[in-house]
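Enquirer: have a look at this prediction, sequence included:
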Amino acid sequence: MDEQEFESYYQTNYKKVISFFLRNGFDQDDALDLTQDVFFRVYSKSQQFIGNTDASFVAWLKSIMESVWKNKLKSMKTQKRAAQTVPVEDDMEVPIQGNDPLDELLTEERVGPLREAIRKLTEPARTCLIMLIYHQKRYQEIATLQKLPLSTVKNLLRGARELIKAELDEP
């Protein structure tokens, strides 16, 4: 992959990568940092890319994104064990491209309460929920990846659903 191809792939996909990390509970700064990590890996490993279609590139990009995401989660667990916390910023915004201000306001009114409810979850519950919904992992896969008993994963997800439902049902 030459620099011109890389630039083309970057321009086509960087917003999708940022959105992936924002949807997975990272704030704007972390999402940008993680996106930079993803494209640094893409660029540095571009000689390993074997494919000639956009679909094959997207599949390869997706595997790199998941790798960066998993590494970040592991890093966050390590930080937590060291009694450090990773703050969830109040100014997390999902970039909305090409919409007029009214569309942006309506989208934020729908997404805002859900995002806030998800922020209130404990880190293990939020991580399990993200893996279930966005990564379509099964309970057993989540338990294996998180090194938790299956019953704990089920309880975390049940509690997460109940908390989100209660938060969204509040007037």
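Expert: Perfect, thanks for sending it. Since the model is a prediction, treat every value here as computed from it, not as a measurement.
Enquirer: I'd like the next helix or strand past the worst-scoring helix or strand of the chain on mean pLDDT.
Expert: Ranking every helix and strand in the chain by mean pLDDT, DSSP states H and E puts helix 101-119 at the bottom, with a mean of 70. Counting by DSSP states H and E, the next helix or strand C-terminal to helix 101-119 is helix 123-133.
Enquirer: any idea how far that next one is from the chain center?
Expert: Offset of helix 123-133 from its chain centre (C-alpha atoms, centre = their mean, to the nearest Å): 10 Å.
Enquirer: find me the pLDDT at the spatially most central residue of the chain, would you?
Expert: In the chain, the centroid-proximal residue (C-alpha atoms, centre = their mean) is residue 24; its distance is 2.5 Å. At residue 24, the model reports a pLDDT of 82.
Enquirer: ok, now which ones touch it?
Expert: 69, 130, 134 (C-beta atoms under 8 Å, 6 or more residues apart in numbering). (Glycine included, C-beta is placed from N, CA and C.)
Enquirer: swap in 10 Å and give it another go.
Expert: Going by C-beta atoms under 10 Å, 6 or more residues apart in numbering, residue 24 touches 30-31, 34, 65, 69, 72-73, 126-127, 130-131, 133-135.
Enquirer: which stretches of the protein have low pLDDT?
Expert: Residues of the chain meeting the criterion pLDDT under 70: 1, 50-54, 78-110, 170-171.
Enquirer: domain map for it?
Expert: Each domain of the chain is listed here as a residue range: 3-81, 101-169, per automatic domain parsing.
Enquirer: turn the contacts of residue 24 into TSV, including neighbour count and distance to residue 114.
Expert: Converted to TSV, the contacts of residue 24 look like this (neighbours: other C-beta atoms under 10 Å; distance: C-beta to C-beta, whole Å):
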residue	neighbour count	distance to residue 114
30	20	19
31	23	17
34	22	21
65	22	22
69	21	20
72	18	22
73	18	21
126	18	12
127	22	17
130	20	13
131	23	17
133	13	11
134	13	13
135	14	18
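Enquirer: can you tell me the closest non-neighbouring residue to residue 141?
Expert: Distance criterion C-beta to C-beta, 6 or more residues apart in numbering; nearest residue to residue 141, sequence neighbours excluded, is residue 131 at 7.6 Å.
Enquirer: that neighbour touches residue 148, doesn't it?
Expert: No. Look at residue 131 against residue 148 with C-beta atoms under 10 Å: they stay out of range, at 11.1 Å.
Enquirer: no more questions from me, cheers.
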